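J.: Need coordinates for the following:
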Amino acid sequence: MDDLPFDKVFAEQDGQAERFPGFLLADHGKHTRAEPKVLAWVYAEATLRSINFGLENLDTPEAGYPGLFMARHTLELYLKGLVPDWKAQRPKGKNRHAIDYLEEILSEQLKQDYDEREVQALSKFLIQFSMLDPKSTAFRYQDGAVVSLKDDPLSDPEIWIDFQALKQSLSMIFEALDKIWGKQNSKA
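T.: Below is the predicted model of the structure:
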């Protein structure tokens, strides 16, 4: 039983490893440590890997859930990063994971500097994700979609999702949102 790794996962670093094969969570739960743009980027990378997993397992519909959850979560991270005062702008009573109002705010900002057709395409994509998973729970749990859509059910609950197109779309969107975020930071 001594060769099992379980006790090593959360053990103190003994300093023997040349490079520790993990991460230190300093002041975990006391301070915000993650850099928002970096967090969005690493989730974007993990999202694309999860989508690949779904593509490799098309005979198991549940294999798509991690990629869809990660995509929705990553889009939320980007939107919140691009709308820094999102908490103040969130309508009263609106779920803290809602992205529909963030999409509206960002679209208005982007129309000033970007091609209107591209802004509309991004907006439509974000609205579709918002409708599919308004509370960020639809693909997190077995009954997530039932709970998430209970108050506002979809008019047509049969939805085909092309994971190849999803991967291509998200790759383009994540790259574009990274560039927009960089431009916003350079203006500030």
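
J.: Just give me the longest helix of this structure.
T.: helix 163-187 (DSSP state H).

J.: Contacts for that helix, please.
T.: 37, 40-41, 44, 47-48, 51-52, 54-55, 58, 64, 67, 71, 74-75, 78, 81-82, 110, 113, 122, 125 (Cβ atoms under 8 Å, 6 or more residues apart in numbering). C-beta: built from backbone N, CA, C; applies to glycine.

J.: and the residue nearest in space to the middle of the chain, what is it in contact with?
T.: By Cα atoms, centre = their mean, the chain has its centre lying nearest to Thr74, at 1.5 Å. Thr74 is in contact with Ala40, Tyr43, Ala44, Ala46, Thr47, Leu170, Phe174, counting by Cβ under 8 Å, 6+ apart.

J.: In terms of helices and strands, where is the first one?
T.: Here Ala40 sits within helix 36-56, counting by DSSP states H and E.

J.: From the contact counts, what lies against that helix?
T.: helix 65-82, helix 163-187 (3 or more Cβ pairs under 8 Å, 6 or more residues apart in numbering; DSSP states H and E).

J.: Counting neighbours, which bits of the lowest-mean-pLDDT helix or strand in the chain end up buried?
T.: When each helix and strand of the chain is scored by mean pLDDT, DSSP states H and E, helix 144-148 comes last, with a mean of 87. Neighbour-count burial for helix 144-148, counted by 16 or more other Cβ atoms under 10 Å, picks out Gly144, Ala145, Ser148.

J.: ok, so of the residues you listed, who is nearest Phe20?
T.: Minimum separation from Phe20 among the buried residues of helix 144-148 (Cβ to Cβ) is found for Gly144, which lies at 35.1 Å.

J.: The closest one against Lys150, yeah?
T.: No - the criterion here is Cβ atoms under 8 Å, and Gly144 misses it with Lys150 at 10.7 Å.

J.: Please, which helix or strand holds Gly93?
T.: Short version: Gly93 belongs to no helix or strand, going by DSSP H and E.

J.: Contact partners for it?
T.: Applying Cβ under 8 Å, 6+ apart, no residues contact Gly93.

J.: From Gln120, how far out is it?
T.: 28 Å (Cβ to Cβ, to the nearest Å).

J.: cool, Asn52 as well?
T.: In terms of Cβ to Cβ, Asn52 sits 29 Å off from Gln120.

J.: same thing with Leu4?
T.: 54 Å.

J.: Convert the C-alpha atoms of the least confident helix or strand of the chain to CSV, please.
T.: Presented in CSV, the C-alpha positions along helix 144-148 are these (Å, rounded to 0.1, in the frame of the first residue of the first chain):
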residue,chain,number,x,y,z
GLY,A,144,-28.3,20.1,-15.3
ALA,A,145,-30.2,20.9,-18.4
VAL,A,146,-33.6,20.1,-16.7
VAL,A,147,-32.7,22.4,-13.8
SER,A,148,-31.1,25.1,-15.9
